[in-house]
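*Asks:* Requesting a structural model of the entry that follows:
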Amino acid sequence: MIAPSLATGDGQGGEGRAYTVVWRLHFYAGLVSVPFVLWLAVTGALYLFQPQLDALIDRRYDMLEMRGSAAAPSAQVAAALATVDGLVLNAYELPAGPRSASRVLIGRGSDLYRVYVHPPTLKILKVVPENERLTRLLFYLHGELLLGWPGSMLVELAASWTIMLILTGWYLWWPRDGRGAGGILYPRFSARGRPLWRDLHAVFGFWVSFCTLFLLVSGLPWASSWGGMLKAVRQIGSETVVRQPWTTGSESEAAERVEAHDQHRPAVGGGRGSTMSGTLYGELDRLVPIVAPLGFAPPVLISPPSALSPTWTARSEARNRPLRQSVTLDGSTGAVTSRTTFAEWPLIDQLVGYGVAIHEGHLFGWFNQALGVFTAVGLVVVSVSGVMMWWKRRPAHRLGAPMPRRRLITLPALWGGLVILGVALPLLGASLVLVLALDRWVLPLFPDLAFYLGARSARG
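*Replies:* The predicted structure follows:
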């Protein structure tokens with residue numbers, strides 16, 4: 001579908017021929033990307049308000065009646081473990097306030113549960129699988145369509161084509177006729193029909209393109225394929241296993257849980273009726289009063305020794321990642337044995353951390369959320385206006401792609417740019433090669449289909 005436009009042209013100058021080629025690339029990139037862009041815009045806008053949604057859902061557990069003193073943290077953990085057979089402690093979360101329920105994360109293997117415990121009475125208020133919380137469902141809807149690894153690959157492929165869409169869109173947007181700012185920097189609302197849709201598409205596309213490109217690039221480290229390759233590259237020359245402070249999809253997250261949960265110290269008990277007396281979890285009572293005054297940004301989780309860490313660990317899981325830090329502790333004495341701040345993370349982890357904090361709307365408060373909403377709304381406008389432009393100009397019996405030219409041309413800059421993009425975004429590169437192969441060897445066998453798709457200017 002794309003190949004003919006990359007190899008053909010008429011007698012016009014290089015600029016005109018390049019414009020046609022880029023237009024066709026833009027058209028097909030939009031064809032692939034628009035449904036995903038709409039989905040990601042809506043789910044991403046909702047996920048921006050994760051803190052507010054979590055607070056709304058959990059509000060009843062942060063306004064509890066507290067009569068009497070709170071039980072020891074180890075007793076709270078024991079009460080949580082008694083709810084489900086065979087589980088171990090993943091983390092104890094420091095209470096958010098004096099009237100808050102204790103949150104205890106328990107699990108084994110890939111399963112993880114959040115248990116809400118009333119501190120004075122040890123009554124279990126709620127048990128919910130961590131992956132079934134609303135904001136976690138939104139996270140997986142946004143990042144992998146609730147399809148696991150295949151969904152992550154689809155989202156990454158769509159994101160890669162959307163990057164192509166933005167880059168070609170910049171080229172098409174660039175003013176060439178000296179007509180002024182109307183339709184370039186602001187829409188001409190006096191226009192009607194397709195010209196108005198064109199203005200909306202071009203203007204909103206320009207203003208949201210920079211934020212969109214940032215969001216796409218900052219999301220790639222989380223994707224199964226691109227993020228996995230990044231980790232593999234980082235592993236080259238390293239004598240230890242590289243651990244990144246982010247996951248590359250639900251399956252890698254589950255694998256990390258299996259590694260950590262299933263290899264706790266042999267002395268660690270769990271399961272219904274365990275009193276925790278004389279076990280490792282009793283050390284939690286010594287550690288909570290030490291961790292609480294450290295002033296970590298909430299939520300603060302205290303985790304027991306595991307395969308991933310041979311000592312107790314207290315860490316901030318702040319949504320604003322540059323605020324995160326952690327300490328390791330000696331469970332028998334309560335001594336802090338090491339401390340790591342965000343500034344001590346490897347540079348690549350810091351860059352990804354800043355990117356994710358902005359991506360999720362947490363780096364600079366409400367303005368970050370507002371900017372994210374503006375971008376999401378703009379993407380909806382751009383997508384709808386693009387569809388409307390296509391709908392109003394579509395010819396009969398054809399998809400409506402710009403028609404290919406007839407004479408052979410060479411566009412080294414364009415080919416070079418595509419090669420660079422294909423290397424930087426392997427799924428995009430692989431899909432482009434597949435499209436070229438289909439166009440070269442398959443579509444000629446179906447001339448009517450080739451004509452409909454715009455790969456040939458005439459049937460036969």
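
*Asks:* Can you show me the helices along the stretch 151-300 of the chain?
*Replies:* 194-219, 224-235, 250-261, 284-291 (DSSP state H, counting those that start in this stretch).

*Asks:* pLDDT (mean, whole number) over the second one?
*Replies:* Helix 224-235 shows a mean pLDDT of 91 in the predicted model.

*Asks:* next one: the third one
*Replies:* The average of the pLDDT scores along helix 250-261 is 69.

*Asks:* what does the longest one give?
*Replies:* Confidence for helix 194-219, expressed as mean pLDDT, is 95.

*Asks:* from the middle of its chain, how far away would that helix be?
*Replies:* 19 Å (CA atoms, centre = their mean, to the nearest Å).

*Asks:* Now do it: which elements does it pack against?
*Replies:* Here helix 194-219 touches helix 149-173, helix 347-359, helix 365-393, going by 3 or more CB pairs under 8 Å, 6 or more residues apart in numbering; DSSP states H and E. All C-beta spots, glycine's among them, are computed from the backbone N, C-alpha and C.

*Asks:* just to revisit the earlier point, between the helices of the stretch 151-300 of the chain, which one is nearest to Y61?
*Replies:* helix 284-291 (18.8 Å; CB to CB).

*Asks:* residues in contact with the closest one?
*Replies:* 72-74, 77, 92, 94, 300, 302, 304, 312, 314, 327, 329, 331, 334, 336 (CB atoms under 8 Å, 6 or more residues apart in numbering).

*Asks:* Can you point out the buried residues in it?
*Replies:* Buried positions in helix 284-291, judged by neighbour count with 16 or more other CB atoms under 10 Å: 284, 286-288, 290-291.

*Asks:* immediately after it, which helix or strand?
*Replies:* strand 300-303 (DSSP states H and E).

*Asks:* between the helix or strand just after that following strand and helix 284-291, how many degrees?
*Replies:* Sequence order places strand 312-316 as the next helix or strand after strand 300-303, per DSSP H and E. On the basis of axes from the mean of the first three to the mean of the last three CA atoms, to 10 degrees, strand 312-316 is oriented at 40 degrees to helix 284-291.

*Asks:* what about strand 312-316, average pLDDT?
*Replies:* For strand 312-316, the mean confidence score works out to 97.

*Asks:* go on, stretch 358-375?
*Replies:* 96.

*Asks:* ok, and what's touching that stretch?
*Replies:* So stretch 358-375 is in contact with 41, 44-45, 47-51, 208, 211-212, 214-215, 218-219, 318-322, 354, 357, going by CB under 8 Å, 6+ apart.

*Asks:* now stretch 240-258
*Replies:* 90, 107, 109-112, 131, 140, 143-144, 148-149, 152, 221-224, 227-228, 231, 234-235, 308, 321, 324, 345, 349, 352-353, 356.

*Asks:* what are the ranges of the strands in the stretch 51-200 of the chain?
*Replies:* 88-93, 102-108, 111-117, 124-129 (DSSP state E, counting those that start in this stretch).

*Asks:* In CSV: the ones you listed, plus mean neighbour count.
*Replies:* Output for the strands of the stretch 51-200 of the chain, formatted as CSV (neighbours: other CB atoms under 10 Å):
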stretch, mean neighbour count
strand 88-93, 23
strand 102-108, 23
strand 111-117, 22
strand 124-129, 14
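
*Asks:* Dump those strands to TSV, plus distance to A254 and mean pLDDT.
*Replies:* Shown next, in TSV, are the strands of the stretch 51-200 of the chain (distance: least, CB to CB, whole Å; pLDDT from 0 to 100):
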stretch	distance to A254	mean pLDDT
strand 88-93	13	95
strand 102-108	10	94
strand 111-117	9	96
strand 124-129	12	96
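
*Asks:* closest one to W390 among the ones you listed?
*Replies:* Using CB to CB, the strands of the stretch 51-200 of the chain put strand 124-129 closest to W390, at 42.7 Å.

*Asks:* Just the angle for that closest one relative to strand 111-117, thanks.
*Replies:* Using the same axes, to 10 degrees, strand 124-129 lies at 160 degrees relative to strand 111-117.

*Asks:* how about low-confidence regions in the stretch 1-150 of the chain?
*Replies:* When residues are selected by pLDDT under 70, those of the stretch 1-150 of the chain lie in 1-16.
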